[in-house]
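In: quick check, what structure comes out for this input:
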Amino acid sequence: MKTLETERLVLREWSGDDAEGLYFYGKSSKVGPMAGWKPHESKEESEQILQMFIKEGDCWAICLKDSGKIIGSAGLHRDAKRDVKNVRMLGYVLAEEYWGQGLMPEACIEILRFAFEELKLDLVSVYHYSFNAQSRRVIEKLGFRHEGVLRHATKRFDGAVLDEVCYSMTRDEFQQSQRTENLS
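Out: Have a look, this model is predicted:
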């Protein structure tokens with residue numbers, strides 16, 4: 001994956017030495033369940049997930065530019081709900097201690113720029129569970145369009161069946177939002 005940079009962040013490929021960084025945020029009881037996965041119980045578990053990230057190659061490590069510390073991840077994944085070429089699903093998680101600082105919108109704007117301008121995607125989707133207000137705020141700040149709610153859409157790691165709130169953005173919508181932002 002191409003390395004992406006923002007004012008405060010570097011989004012880079014995962015490497016075999018990143019298990020400690022992944023475990024840093026993956027062990028949180030607040031981070032994983034908001035995204036549908038169980039908190040990591042050990043660094044060894046994080047190592048297994050890391051190997052999956054490396055193999056799939058569709059997920060960046062989000063690092064602080066000034067220190068290189070891994071504080072989360074984001075990716076452009078195949079959207080299992082849309083069997084269409086040239087569409088990806090945005091997914092992201094951020095260490096709890098970095099919530100509310102505007103870091104995730106900053107990272108995602110750069111990911112969307114990459115998705116639409118370099119990958120030439122037609123549409124990017126994004127989903128959140130109905131209780132995940134933090135993700136909803138990020139999605140709204142980014143300018144995604146609300147599509148609706150898929151009721152009883154996903155079974156989480158703990159067996160809970162959850163609704164998913166669905167959003168999308170087209171390349172034209174992204175370009176329009178960037179023109180509008182540049183005029184501000």
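In: can you map out the strands along the chain?
Out: Assigned by DSSP state E, the strands in the chain fall at 4-5, 9-12, 59-64, 70-77, 87-94, 123-129, 145-155, 161-170.
In: show me what the third one is packed against.
Out: This points to strand 59-64. If contacts are counted by 3 or more Cβ pairs under 8 Å, 6 or more residues apart in numbering; DSSP states H and E, strand 59-64 sits against strand 9-12, helix 19-26, strand 70-77, strand 87-94, helix 103-113. Quick note: C-beta positions are derived from backbone N, CA and C, even for glycine.
In: show me what contacts the most centrally placed residue in the chain?
Out: Central residue of the chain (Cα atoms, centre = their mean): residue 92, 1.9 Å from the mean position. Contacts for residue 92 (Cβ atoms under 8 Å, 6 or more residues apart in numbering) come out as 62, 72-75, 104, 107-108, 135, 138.
In: for it, report the pLDDT, please.
Out: Residue 92 is assigned a pLDDT of 96 by the prediction.
In: try the one 10 residues further on
Out: Looking at residue 102, its pLDDT reads 96.
In: how many other residues sit next to it?
Out: Residue 102 has 12 neighbours, counted by other Cβ atoms under 10 Å.
In: would you list the phi and psi of it?
Out: Main-chain dihedrals, residue 102, degrees, to the nearest 10: phi 80, psi 10.
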